[in-house]
Structures are given as structure tokens and as C-alpha cells.
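Visitor: Structure here, sequence nowhere to be found:
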């Protein structure tokens, strides 16, 4: 098994297609998306994280994980109620991801 | 990136609102919920984990994670088919969580 | 809290029941399933990972995790667009899992 990074992004559902294209352009070979409900930090913005959001997950190399996070930070974090985090995973069949 | 804890709770869907309020009161700044299907341990209770359950996820500090788990253990674990676990994650934009 | 393994399998939805039975037979005491959308590696197979897939999650011992992964590798990885990975988790109420 190979150590890789699971990058999870929680964002407004209107961003799903754009984010999918962007993480793919940055090196992600695949991703899954699921609609989630939830609630975020109050006070930052009206209705922040209330309603439909998507959780996008992609397994990538350390390098691609850092690229994705830097991109999100640069493009979205000031304007959107987006959350992104990284988990260490061990993957079978590595050629799918790197 | 900051190391934090992802707390995952799998519980009967009737508990969703109560659990959401409780983890918020214990310090969680946000959470996501998704309905899952599944199957749990047999024999503990009739229809245990058969049917609609929810998976609640929240990213919190170590301290809040321990508080949430202690609360679940005290209030629910004897009576409900609840599962709770903690994963180490690295988070961008820490002010959302602590 | 006890360290255990979260095994995540992403597979075509037609495999859900079979996979559920197989991981149970290999020692999993429970699992959750959620339908996900997504996109996988292109070129391996027509429509690979396009459309409905399921994400199956189960928390098991190290030993059972290895058995499940070996089984998936032997039976599915040549023929199916399946992804499997393992995450370290800490679990409360261990008797549910081992």
C-alpha cells in the first residue's frame, strides 16, 4: 500500500463543476462528490453553509494536494464559505492516483 | 496547515438535530450531515443500524473532540446503536474550527 | 480509544450487495454505504466511474483490513474501476468492530 493524501473540500454546490475541473487540471485523476447538509460558522456571511453543499474528495500525491490547497486558498477562501482538509491514507492500486 | 480532529458520528437519523445542537454546544463551529444506509452489529438490538442513519462530521480541536466523545459515551452509548471515531486531519484556514 | 482501520471502497453501485456480504464474511461487523457521483481515471474502461457509484466504509482491525484489501485485489481490481484505501482512526466502543 502506498501513502497518499485524501483531500476533502466542502463547498457550495454551485462550485461543484468548477472545482472538479480545477482539481483535475491540478493533477487529480478522479474524485467523488456527495451532497451534504450542514451548518458552518455563523457571522462570517449570511447563510454561511446553510443549505446544500457538496463534499468533494480526491486522492492525490503530496505535491498535488499542496497545489490544490494553494489554489483554493488563493481563489476561494476570501469569498466563499469553503473548508478544505487533508487526511493521510494508504491506497491499493496506486496507478489510479499518481 | 494545522492538525485538528475530524470526529465522525454514525447514528439513527432521529438523533440528527439533537446531536447537532449538542456538538455545537460542546464547541464545534460547524458540521456536515449525510444520510447513509448500512448495517451494524447484529444481536445487540432489533434492527440495529438497519435503515436510515446519518453520518455527522465535524472538525474540532483535540479538546473539543474529547468532550464530544465523552458526552456521546455518557448519554447515548448504552441505549443507541451509535458509532463514533476520530481521524487526524490537517486543515487550511483554522479559524473556522477553533 | 482504540486504533483501528477505516477501509473505504468506491465501486460501481451494482456491486454494493455483493461487497457488503463479502466484507461481512471477512470479518467486518458493520458498514455504511452512500451513493456518490464522481469521475475516475479515463481510458481504462468506457465510462469508468461515470455515473452512480457507492462508497462503502467499514471500521475493522488491521488483520481484517488486510484480508478485505487482498480479497478486492484478487477478485475485482483487474475487471472493475474500484478504489480502496485505508485510514487510521481511533474508535470509542471497540466491541462493535473486533
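Guide: Nice, thanks for sending it over. Keep in mind the model is a prediction, meaning the values are calculated, not measured.
Visitor: List the buried residues for the longest strand anywhere in chain A?
Guide: Using DSSP state E to define each element, chain A has its longest strand at strand A:2-12. Across strand A:2-12, burial judged by 16 or more other C-beta atoms under 10 Å in any protein chain shown covers A:4, A:5, A:6, A:7, A:8, A:9, A:10, A:11, A:12. In this view, the C-beta of every residue, glycine as well, is placed from N, C-alpha and C.
Visitor: how far off strand B:2-12 does that strand point, in degrees?
Guide: Interaxial angle, strand A:2-12 versus strand B:2-12 (axes from the mean of the first three to the mean of the last three C-alpha atoms, to 10 degrees): 70 degrees.
Visitor: what are the pairing partners of the helix-or-strand element of chain A with minimal mean pLDDT, and which direction each?
Guide: Counting by mean pLDDT, DSSP states H and E, chain A has its least confident helix or strand at strand A:31-39, which shows a mean of 90. In the sheet, strand A:31-39 lines up against strand A:53-60 (antiparallel), strand B:31-39 (antiparallel), strand C:31-39 (antiparallel) (DSSP bridges).
Visitor: Distance from the chain centre to that strand, please.
Guide: Put simply, strand A:31-39 sits 10 Å off its chain's centre (C-alpha atoms, centre = their mean, to the nearest Å).
Visitor: Please list the residues of chain A that sit near chain C.
Guide: A:1, A:4, A:6, A:20, A:24, A:29-34, A:59, A:87-93, A:96 (C-beta under 8 Å from any C-beta of the partner chain).
Visitor: host element of residue A:23?
Guide: Taking DSSP states H and E as the definition, one finds residue A:23 inside helix A:16-25.
Visitor: if you look at that helix, does any of it touch chain B?
Guide: No. Helix A:16-25 does not reach chain B (C-beta under 8 Å from any C-beta); its nearest approach is 14.2 Å.
Visitor: In chain A, where is pLDDT below threshold?
Guide: Residues of chain A meeting the criterion pLDDT under 70: A:41-51, A:94-98.
Visitor: Show me the longest helix that occurs in it.
Guide: In chain A, assigned by DSSP state H, the helix with the most residues is helix A:62-75.
Visitor: what angle do that helix and strand A:2-12 make?
Guide: Angle of helix A:62-75 versus strand A:2-12, following the same axes, to 10 degrees, is 20 degrees.
Visitor: Grab the nearest non-local neighbour of residue A:93.
Guide: Spatially, and ignoring its direct neighbours in sequence, residue A:93 is nearest to residue C:77 (5.7 Å; C-beta to C-beta, 6 or more residues apart in numbering or on different chains).
Visitor: whoops, residue A:88 was the one
Guide: residue A:3 (6.3 Å).
Visitor: sorry, back to before: what is the orientation angle of the helix holding residue A:23 with strand A:2-12?
Guide: Helix A:16-25 and strand A:2-12 meet at an angle of 150 degrees, taking the same axes, to 10 degrees as the criterion.
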